[in-house]
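*Asks:* Give the three-dimensional model of this entry:
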Amino acid sequence: MAIHHIPHTRKWNHKHIILVTLTGTLMVITVVVIISIVLSPAHISFTLENPTSGKADEEDTRLYSFTLVAHNESPRMMALYGAPRAEIWYSQQTASVPAVVVDGSSLHRTTRQGPTYINMSAEFLQLQFDEKSTAASSGESAPGTDESDWSNCTVLVTATVWFKYGWITTRSYNVLAYCSPVNFYGTGGDGNVACE
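*Replies:* Prediction:
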């Protein structure tokens, strides 16, 4: 009885292995580039609108309010905002008061390529008029008196932003914006300030 050997098919040589490796690497690089382009952060810009001042509910306290408008310029990505933090720098930018979000529901209702309006306010404690006048007549400066200039303020905004494309959400990005000059007394101009 004769034994027949079946000839083996030709094995892959080095050229085939290199060609398959290069093709696979090229495909992986293409997928990574497409994903990074799709998930790259959109351009976000901020505008500060309607800066106003008024009397707060508590005695000797002034309320400084403004609307922060976040503009998402991406037609394909949705922007989600964490609660922004803001500081109002007044009195020739030597002192500040923190501002907080008044209503955070707008942070979760974002759209593609549209503005998000975030109302913010800051409370500033002032002394009563008679304490100020007493200190002024004695030639002293009463502690806590409002000798500040609120007509030329700078608002510093820090926000956390996520971008969403379909069901994919990007990592968080910290955004810093300066809005200046902001006039809380509302004299002159429309009150809108572009932020850098």
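
*Asks:* Spatially central residue for the chain, please.
*Replies:* The centroid of the chain falls nearest to Ala159 when counting by CA atoms, centre = their mean (3.3 Å).

*Asks:* for Thr61, which residues make a bridge with it?
*Replies:* For Thr61, the beta-bridge partners under DSSP bridges are Leu125.

*Asks:* Looking at it now. What's its pLDDT?
*Replies:* What the model reports as pLDDT for Thr61 is 82.

*Asks:* Name the helix or strand for Val161, please.
*Replies:* strand 153-165 (DSSP states H and E).

*Asks:* For that strand, the averaged confidence score.
*Replies:* The average pLDDT within strand 153-165 is 87.

*Asks:* was I right about the residue nearest to the centre of the chain contacting Ala70?
*Replies:* Yes. Assessed by CB atoms under 8 Å, Ala159 is found in contact with Ala70 at 7.3 Å. C-beta: built from backbone N, CA, C; applies to glycine.

*Asks:* Which neighbours do those two have in common?
*Replies:* Tyr81 (CB atoms under 8 Å, 6 or more residues apart in numbering).

*Asks:* And the helices in the chain, which stretches?
*Replies:* Applying DSSP state H to the chain gives helices spanning 14-38, 129-138.

*Asks:* Pull the distance from the strand holding Val161 to the chain's centre.
*Replies:* Using CA atoms, centre = their mean, to the nearest Å, the mean C-alpha position of strand 153-165 is found 1 Å from that of the whole chain.
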